[in-house]
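*Asks:* What follows is a predicted protein model with its sequence.
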Amino acid sequence: MAKSKPKKDALMDIPLKQIRKTTNNVRKTRDKAAQDGLVSSIRSVGLLQPIIVRPIPPEGEAIYEIAYGNSRYDAVAEIANFDLEQPIRAIVRNLSDDEAFIANIVENLQRQNVSEEEEAAAFATFADRYGPGAIEILSDRIGSSQRYVRKRIMVMRLPKACLKAWKRGIIVYGHLEQMLRIQDKKKVLQLLAAIFLRKSEGAPIMVSELRDIIDKAAIKLDLAKFDTAECLGCIKNSATQLSLFGVGSEDAKCGNPQCFIKKQGAWLKGNWQDSEFNIKHTNAFAFAFDRPEITSYIPTYQAPHKRCTTCDSYASILNLDCTVDPYHQCRVCLGPKGCYDGLVAGARAEANASKKNGEPAGPESAKPRVDWHGEYFRQSFYKTEIPRVLKTLDRKERMKVALYNLLHANMSSRDWLRKKFFADRESHLFDYCRILDIMDLLEPYSELDLADMITATIEALPLIHQSFTDEDRRILADHIKVDVGNWWITEEYLAKKTKAEILAIINECGFMNDPLFTKWMKDKHKMVLVEPLGTLKKSELVDMILKSGADLNRVPKEISDMPKIPDWNLRSPMTKKSESEDAGETGEEDGDDLEELPELPPDFDEGKVLTEVFAGSESIA
């Protein structure tokens with residue numbers, strides 16, 4: 001039997017039944033092979049290192065609790081066939097609850113086989129029990145930095161779904177570290193869902209990629225026009241995160257776009273009239289990424305109406321850094337729909353009447369049933385024709401185009417290239433990345449110089465990268481002189497058409513003049529005129545077009561008719577301004593030239609105009 005509880009440390013043999021196991025054990029799982037090795041060792045040479053126990057108030061037969069040594073206790077019990085009368089060598093030490101808790105955690109954390117999850121859970125449990133001073137105590141006891149301890153404690157505060165994914169091996173600890181930078185729990189869970197999806201598709205998001213995603217979603221604090229003094233200690237400041245957790249960007253960035261935008265907007269509102277950013281001399285502003293409801297555009301060459309100059313809806317559209325958004329160079333009206341148009345209705349009506357008299361309108365039935373077919377199949381054509389035409393260009397021109405593709409698709413590459421090769425050039429050439437600017441910039445370089453900047457695979461970017469919109473592909477196709485006249489009618493194109501539309505295509509594209517087409521009609525369907533074709537099924541009409549051997553290089557109007565690309569998509573506004581100044585223009589606006597008001601393309605959507613940083617933010621949201 002065990003002796004009475006000693007006041008000082010004492011080495012004793014205590015029956016197993018008088019000792020209870022601690023509930024504070026750090027390790028929640030046990031390596032079976034390691035435990036089997038421990039059993040074998042004790043069976044061979046005996047228990048060389050006693051366990052440490054502390055006296056406790058009697059609990060059944062137990063009068064001691066293990067401070068540390070749970071594995072050795074289990075090994076001795078197994079060797080004794082779980083005969084609880086079997087004694088075990090133990091050091092009895094008087095420890096309070098707190099002292100026993102600290103001793104158990106520290107002793108286990110100093111072992112090499114504690115997993116990251118067990119370590120983080122132990123830190124969090126310790127912090128919950130001891131509060132603010134826990135980080136300093138643990139750091140001192142285990143010999144690790146306070147940042148190391150703090151980071152693991154905060155990881156365990158992430159949503160449970162993240163911790164489960166970590167435990168199952170879906171994500172690693174490095175993912176959790178990056179998630180600490182996002183304060184919105186909903187965004188963290190949405191980000192986790194994105195990681196799940198990518199992993200299921202066989203393209204997992206690596207820790208480095210996740211770091212880049214979060215970096216792009218944050219806003220550089222040096223863009224702020226407001227006083228950032230109160231941002232210095234904010235947990236959403238990447239500099240604060242770097243200091244506390246060792247993760248984040250070295251550049252100070254705000255991880256709370258809503259807060260930043262609110263403060264930036266408040267500063268502008270209070271300083272707008274006298275602000276250096278009010279270069280259009282308007283009465284209000286709106287951010288492009290807020291997708292303001294613009295009712296009218298006022299061209300830069302047109303003087304505003306007198307009523308506009310006193311109206312609060314006469315506004316400029318800005319980027320987050322308070323510069324005028326390049327896609328909204330003209331001033332805008334944010335007022336009631338039709339207000340501005342009403343002021344210029346007379347002139348515009350006259351211009352439209354003149355235009356109508358000069359261009360006879362076609363029958364209503366000639367209009368495409370589906371507006372998007374023309375653009376869709378034109379884009380399909382670009383995706384095969386751009387690579388073909390690129391191969392016909394000389395080597396230097398191909399290199400220039402390939403490098404432009406890379407700069408357009410990847411902002412990080414754009415910034416790197418500018419700093420590496422063009423540090424002395426104007427930054428706006430890269431900020432706006434207009435195709436003619438980049439071509440002019442690269443012209444002086446030799447083939448060898450260009451080869452150092454690119455690889456052959458970059459030519460595929462316009463076809464696969466999400467940053468290239470339909471209009472971007474169109475701009476590139478026009479620049480390298482892709483001829484839409486080489487477009488071919490395909491099975492996919494016809495599959496999306498109704499029977500009535502296919503009949504119209506046969507008529508419009510002159511298939512009845514193709515001898516192979518008419519021969520198929522006669523041989524297969526005993527027809528010689530176009531009218532009876534309406535009695536055939538859609539599938540029969542499709543077979544007639546595709547299988548008759550008729551020439552498929554026929555281009556319907558919905559493919560060939562393309563709206564003019566606005567000048568702002570070819571060169572940056574900064575370049576155009578400098579060219580005007582070089583030409584000796586005064587910059588004075590002409591208020592009488594209303595007949596030449598530009599017509600915006602029908603698919604123009606100012607809501608799509610987002611800054612690079614908020615495009616990144618939406619990928620997380």
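*Replies:* Alright, I've got the coordinates. Numbers count the residues shown, from 1 in each chain.
*Asks:* The chain: strands as residue ranges?
*Replies:* 10-15, 19-20, 51-59, 62-68, 87-92, 219-220, 253-254, 284-287, 296-298, 314-318, 331-333 (DSSP state E).
*Asks:* got the angle between the longest one and strand 10-15?
*Replies:* Direction vectors for strand 51-59 and strand 10-15, defined by axes from the mean of the first three to the mean of the last three CA atoms, to 10 degrees, enclose an angle of 60 degrees.
*Asks:* Give the other helices and strands that strand 51-59 contacts.
*Replies:* Using 3 or more CB pairs under 8 Å, 6 or more residues apart in numbering; DSSP states H and E as the contact criterion, the secondary-structure elements in contact with strand 51-59 are strand 19-20, strand 62-68, strand 87-92. C-beta here means a position set from N, CA and C on the backbone, and glycine is covered the same way.
*Asks:* Quick check, pLDDT for the nearest residue in space to residue 239 that is not next to it in sequence.
*Replies:* Counting by CB to CB, 6 or more residues apart in numbering, residue 252 is the residue found nearest to residue 239 once chain neighbours are left out, at 4.4 Å. Here, the pLDDT recorded for residue 252 equals 77.
*Asks:* Number of residues surrounding residue 403?
*Replies:* Here the count is done by other CB atoms under 10 Å, and residue 403 has 21 residues near it.
*Asks:* May I ask you to confirm that it is in contact with residue 442?
*Replies:* Yes: contact criterion CB atoms under 8 Å: residue 403 and residue 442 qualify, at 6.4 Å.
*Asks:* What is the least confident helix or strand in this protein?
*Replies:* Sorted by mean pLDDT, DSSP states H and E, the helices and strands of the chain end with helix 612-620, the least confident at a mean of 30.
*Asks:* Okay, buried residues for stretch 133-149 please.
*Replies:* 134-135, 138-139, 141-142, 147-149 (16 or more other CB atoms under 10 Å).
*Asks:* nearest to residue 199, of those residues?
*Replies:* Nearest to residue 199 out of the buried residues of stretch 133-149 is residue 148 (CB to CB; 27.7 Å).
*Asks:* Buried residues of stretch 120-132, list them for me.
*Replies:* Applying a neighbour-count criterion of 16+ other CB under 10 Å, the buried positions in stretch 120-132 are 120-127, 130.
*Asks:* typed the wrong thing, it's stretch 274-281
*Replies:* Within stretch 274-281, the residues that qualify as buried by neighbour count (16+ other CB under 10 Å) are 277-278, 280.
*Asks:* Distance to residue 299 and pLDDT added to those, as a markdown table?
*Replies:* Compiled in a markdown table, these are given as follows (distance: CB to CB, whole Å; pLDDT from 0 to 100):
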| residue | distance to residue 299 | pLDDT |
| --- | --- | --- |
| 277 | 21 | 87 |
| 278 | 18 | 87 |
| 280 | 12 | 82 |
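*Asks:* Residue 217: which of those residues is nearest?
*Replies:* Relative to residue 217, the closest of those is residue 277; by CB to CB it sits at 24.2 Å.
*Asks:* ok, the closest one touching residue 322?
*Replies:* Yes: counting by CB under 8 Å, a contact exists between residue 277 and residue 322, whose distance comes to 4.3 Å.
*Asks:* hey, what's in contact with both of the two?
*Replies:* residue 268 (CB atoms under 8 Å, 6 or more residues apart in numbering).
*Asks:* can you dump the C-alpha coordinates of the top helix by length along the chain into PDB?
*Replies:* Looking only at the chain and at elements set by DSSP state H, the helix with the highest residue count is helix 372-390. In PDB, the C-alpha atoms belonging to helix 372-390 read as follows (Å, rounded to 0.1, in the frame of the first residue of the first chain):
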ATOM      1  CA  TRP A 372     -25.100  37.600 -78.100                       C
ATOM      2  CA  HIS A 373     -24.700  35.100 -81.000                       C
ATOM      3  CA  GLY A 374     -22.600  37.500 -83.000                       C
ATOM      4  CA  GLU A 375     -20.100  38.200 -80.300                       C
ATOM      5  CA  TYR A 376     -20.100  34.600 -79.100                       C
ATOM      6  CA  PHE A 377     -19.100  33.100 -82.400                       C
ATOM      7  CA  ARG A 378     -16.800  35.900 -83.300                       C
ATOM      8  CA  GLN A 379     -14.900  35.100 -80.100                       C
ATOM      9  CA  SER A 380     -14.900  31.400 -80.900                       C
ATOM     10  CA  PHE A 381     -13.300  32.400 -84.200                       C
ATOM     11  CA  TYR A 382     -10.700  34.600 -82.500                       C
ATOM     12  CA  LYS A 383      -9.600  31.700 -80.300                       C
ATOM     13  CA  THR A 384      -8.500  29.700 -83.300                       C
ATOM     14  CA  GLU A 385      -7.500  32.500 -85.600                       C
ATOM     15  CA  ILE A 386      -5.300  34.500 -83.300                       C
ATOM     16  CA  PRO A 387      -2.800  31.700 -82.800                       C
ATOM     17  CA  ARG A 388      -2.700  31.100 -86.600                       C
ATOM     18  CA  VAL A 389      -2.100  34.700 -87.500                       C
ATOM     19  CA  LEU A 390       0.500  35.100 -84.800                       C
END
